[in-house]
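Undergrad: sequence and predicted structure, then a few things I'm wondering about:
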Amino acid sequence: MNFAKTACIAACLVLGTIEGAIADRFSFVALGDTAYNPPADYPKYEALIDKINAAKPAFSIHVGDTWGINDCREPEQRKVLEFFQRYKGAVVYTPGDNEWVDCIDPEAARLFVEKRGDVAAILKVRPDLAAFFSFDAQYSRRFADDGLARLEDVRHVFFSKPMSLGQKPIALTRQADVSDYHAFVENARWEKGGVEFATINVPGSSNGFMINDEARAREAIARNRANVDWLKALFAEAKAKDAKAVVIALQASLFEDGRDFGDFSGKRVRGGSEGPYYWIAFAIRDLGTRYGKPVLVINGDFHDFLVDKPFRVSKSEEKPPQYDNITRLQVFGAPDLRAVRIDVDTDTPSVFAFSPLY
């Protein structure tokens, strides 16, 4: 056999092995709850985007709440789109509650920003808003703008194509295009380096469930069903492809401090058993456990950087803990405008490593 030819084949095989190993290593960025105090926060957010661009991640994931209280109509949403187009790479976005669930009258939003949240100062200018700031209004979650119309604005502005945002968009598989849930263009799935990624529309503020508004309640129920089905499809896809890990991005924090009761014995699920987040948490826990490989859940909402294992239950000193393969990353949030870099190495047991980016 020709020695030179044999050496060439061996070198190609080694090179292919190296390239395969490199392909399983990459980094991406996660962030959320940005620019809560416009326009004062805009320079901070622009500086953060510059740092993300310098890090050159494979893509970024924004988990929603693009502002605090603001006018949510389409012109303001398009200002946010302009920020997303400052990202030199791809950025995948999932909406937060502040973009649609909690939207208020545009003039009230302007006053809230101008008066820095001082309700007394706002009421001097707009005494007719007293009912809005009352207990009854807050309890019923009846805000002064049409949240369902604002959700349609969000879908129209950010999700008109099966692509991410950013200057180098990536193709996405949307739930609307591959299922009977045709409205849910914001729920997406993509793959990178043997890892399956997905977004689901789960906002804060009780996941949009409003018992005093039938239309909002119906929307929340339909969205919850769509989200659970999208999680099922995600894990089915991961199993079919023998994916090495799964990442799920959503806005709401599903957990709060303390132990739960009943079926959960890790961290407490917000709202408790069969509350607004229970079925999403239940689906992630059980589907993720059956999957058996590393699962990463990324959320915003609470504005505190945190990495934990919220489902983990210690069985004994002799048995491995239950639900230990599911890790949760909670990103920074305003006023702490930072991002998190996630390094992915599928050759390691945990797959994911985390470091603040600021």
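TA: All right, it came through fine.
Undergrad: rest of the way, CA atoms for contacts and neighbours
TA: OK.
Undergrad: point out where the stretch 251-358 of the chain drops to low pLDDT.
TA: For the stretch 251-358 of the chain, the stretches with pLDDT under 70 are 258-266, 316.
Undergrad: all strands of it, in order?
TA: Here the stretch 251-358 of the chain has its strands, by DSSP state E, counting those that start in this stretch, at 255-259, 267-269, 295-299, 306-308, 326-330, 339-345, 352-357.
Undergrad: among those, which comes closest to A108?
TA: strand 295-299 (28.3 Å; CA to CA).
Undergrad: pull the CA atoms of that closest one into CSV?
TA: The C-alpha coordinates for strand 295-299 follow below in CSV (Å, rounded to 0.1, in the frame of the first residue of the first chain):
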residue,chain,number,x,y,z
VAL,A,295,-31.6,19.8,30.3
LEU,A,296,-31.1,23.6,30.8
VAL,A,297,-34.0,25.9,31.5
ILE,A,298,-33.3,29.6,31.0
ASN,A,299,-35.6,32.3,32.5
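Undergrad: now it: buried residues?
TA: 295-299 (16 or more other CA atoms under 10 Å).
Undergrad: which residues does D336 contact?
TA: Each residue near D336 by CA atoms under 8 Å, 6 or more residues apart in numbering is listed here: H303.
Undergrad: from the strands of the stretch 251-358 of the chain, which stretch is densest packed?
TA: strand 295-299 (a mean of 25; mean count of other CA atoms under 10 Å).
Undergrad: check the offset of it from the chain's centre.
TA: Relative to its chain's centre, strand 295-299 lies at 8 Å (CA atoms, centre = their mean, to the nearest Å).
Undergrad: make JSON lines out of the buried residues of strand 295-299 and add distance to R223.
TA: Formatted as JSON lines, these follow (distance: CA to CA, whole Å):
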{"residue": "V295", "distance to R223": "22"}
{"residue": "L296", "distance to R223": "22"}
{"residue": "V297", "distance to R223": "19"}
{"residue": "I298", "distance to R223": "19"}
{"residue": "N299", "distance to R223": "18"}
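Undergrad: which one of those residues is nearest F255?
TA: Nearest to F255 out of the buried residues of strand 295-299 is N299 (CA to CA; 10.3 Å).
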